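[1] Fold the following.
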Amino acid sequence: MEPHLLRTFVTVARLGSFSAAARELGYTQSAVSQQIAVLEADLGAELLHRRPVGPTEAGARLLEHAGPLLLRTAAARADIARLAGAPTSRLVLAATPLAVTTGLAAALAATRQAHPGLELTVRVLGRPDVPAAVATGEADLGLTDGMAAPSDPLQLPDVGPLTAVAVAEQPIAVALPAGHPLAGRRGLDLADLADARWLDAPGVAVPAERLRAATGVAGFRPATHYPGTDLRGLLVLVAAGHGLAVLPQGVLAGVPGVLGAPVREPRLVHRTELVRGSLPEGPAALLARLLDPERP
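    Here you go, the predicted structure:
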């Protein structure tokens, strides 16, 4: 299974069209058809129905394998390129919304000062996308966040030989509208709120399934779905009574119409981790040192 054949197969399956896949990949339609035929002959199974175009049962199973295989192939190329590459004045940082903090801004300023002319890009991505961006070389470094037991690492996807280290931990709190009956409490048990009205905002707040797993209690059913990554928009919805959300306590200070009640049980924290591969000396290596409190 050559990687370029797998990539062509995934593209045809995603677009549902040989001609559309040919345009996206820069091939002729006959070349795409030939590549699919070669892959089918190699595996001894029909992978795609032709009319309409869609995966067969064998093709659907191959799609489950193809994504991770292509990701690891791209990660291997990127890892070798980092080791063999010359120093660069470009720095791309992939970060989840809550990982973009004043501390990060200060570290970026120090990096820019040490490397005049630095071409800096900060890409805000979803939590699952940050490690993949670093592994494939789309980003030089990553910052991701999530909820964990104190001092426990985040559960990150296995996308390659990456290192993840904690750069910050802070308490979590339930974001409540200012007029909520529980506003002002010194501590809340999450299990007691399982039947409350919740906002499902997996790109910013703690996802509902993570709350269920942490408490061992069913519930936390969303009243409102918020697939975006804009923290301000989420807090506006909380203030208006559309649902509760679990967030790091620090982001709730001084927000109009919103109060944070610390989570007492279970014992959990909001954790931010730096995700990196092998780094030659340069802006990315300097930023990694500035962000990692344990690194000399």
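[2] Okay, buried residues for the helix or strand hosting Ala21 please.
    Element membership of Ala21, judged by DSSP states H and E, is helix 18-25. Going by neighbour count (16 or more other Cβ atoms under 10 Å), the buried part of helix 18-25 is 18, 20-22, 25. All C-beta spots, glycine's among them, are computed from the backbone N, C-alpha and C.
[3] again, but for stretch 242-259
    242-249, 251-252, 255, 258-259.
[4] Same check on stretch 111-130?
    Across stretch 111-130, burial judged by 16+ other Cβ under 10 Å covers 111-112, 115, 118, 122, 124-125, 127, 129-130.
[5] Which members of the residues you listed occur in helices, if any?
    Judged by DSSP state H, the buried residues of stretch 111-130 include 111-112, 129-130 as members of helices.
[6] now, which of these sits nearest Glu281?
    Thr111 (12.7 Å; Cβ to Cβ).
[7] of the ones in helices among the buried residues of stretch 111-130, closest to Asp200?
    The closest of these, once distances to Asp200 are taken by Cβ to Cβ, is Asp129, at 18.5 Å.
[8] Just the pLDDT for the closest one.
    Asp129 is assigned a pLDDT of 91 by the prediction.
[9] Could you list which residues are in contact with it?
    When contacts are counted by Cβ atoms under 8 Å, 6 or more residues apart in numbering, Asp129 touches Ala94.
[10] That one and Ala213: what is the separation?
    According to Cβ to Cβ, to the nearest Å, Asp129 and Ala213 sit 21 Å apart.
[11] and the helix or strand hosting Gly67, what does it pack onto?
    Gly67 belongs to helix 57-84 when elements are defined using DSSP H and E. With contacts taken as 3 or more Cβ pairs under 8 Å, 6 or more residues apart in numbering; DSSP states H and E, helix 57-84 sits against helix 3-15, helix 129-135.
[12] Just name the most buried of the ones you listed.
    helix 129-135 (a mean of 25; mean count of other Cβ atoms under 10 Å).
[13] Off-centre distance for that one?
    7 Å (Cα atoms, centre = their mean, to the nearest Å).
[14] cool, and stretch 191-208?
    Centroid separation for stretch 191-208 versus its chain: 18 Å, with Cα atoms, centre = their mean.
[15] related to what we said a few turns ago, now the helices and strands packed on helix 57-84 as TSV including distance to Glu46?
    As requested, these are exported to TSV (distance: least, Cβ to Cβ, whole Å):
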stretch	distance to Glu46
helix 3-15	12
helix 129-135	30
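[16] Please name whichever of the ones you listed is nearest to Asp158.
    So among the helices and strands packed on helix 57-84, helix 129-135 is nearest, using Cβ to Cβ, at 8.7 Å.
[17] residue contacts, Gly184?
    Neighbours of Gly184 in contact, by Cβ under 8 Å, 6+ apart: 259, 261.
[18] go again using 10 Å as the cut-off
    Contact partners of Gly184, counting by Cβ atoms under 10 Å, 6 or more residues apart in numbering, are 176, 178, 259, 261.
[19] For these, which single residue is the most surrounded?
    Leu176 (26 neighbours; other Cβ atoms under 10 Å).
[20] what's near enough to touch that one?
    By Cβ under 10 Å, 6+ apart, Leu176 lies in contact with 182-185, 188, 193, 196, 238-239, 241, 244-245, 252, 257-261.
[21] sorry, back to before: JSON lines please, covering the buried residues of stretch 242-259 and showing secondary structure and distance to Pro280.
    Output for the buried residues of stretch 242-259, formatted as JSON lines (DSSP: H, G, I helix; E, B strand; the rest coil; distance: Cβ to Cβ, whole Å):
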{"residue": "His242", "secondary structure": "coil", "distance to Pro280": "47"}
{"residue": "Gly243", "secondary structure": "coil", "distance to Pro280": "46"}
{"residue": "Leu244", "secondary structure": "strand", "distance to Pro280": "45"}
{"residue": "Ala245", "secondary structure": "strand", "distance to Pro280": "40"}
{"residue": "Val246", "secondary structure": "strand", "distance to Pro280": "39"}
{"residue": "Leu247", "secondary structure": "strand", "distance to Pro280": "36"}
{"residue": "Pro248", "secondary structure": "strand", "distance to Pro280": "33"}
{"residue": "Gln249", "secondary structure": "helix", "distance to Pro280": "37"}
{"residue": "Val251", "secondary structure": "helix", "distance to Pro280": "34"}
{"residue": "Leu252", "secondary structure": "helix", "distance to Pro280": "40"}
{"residue": "Val255", "secondary structure": "coil", "distance to Pro280": "41"}
{"residue": "Val258", "secondary structure": "strand", "distance to Pro280": "44"}
{"residue": "Leu259", "secondary structure": "strand", "distance to Pro280": "47"}
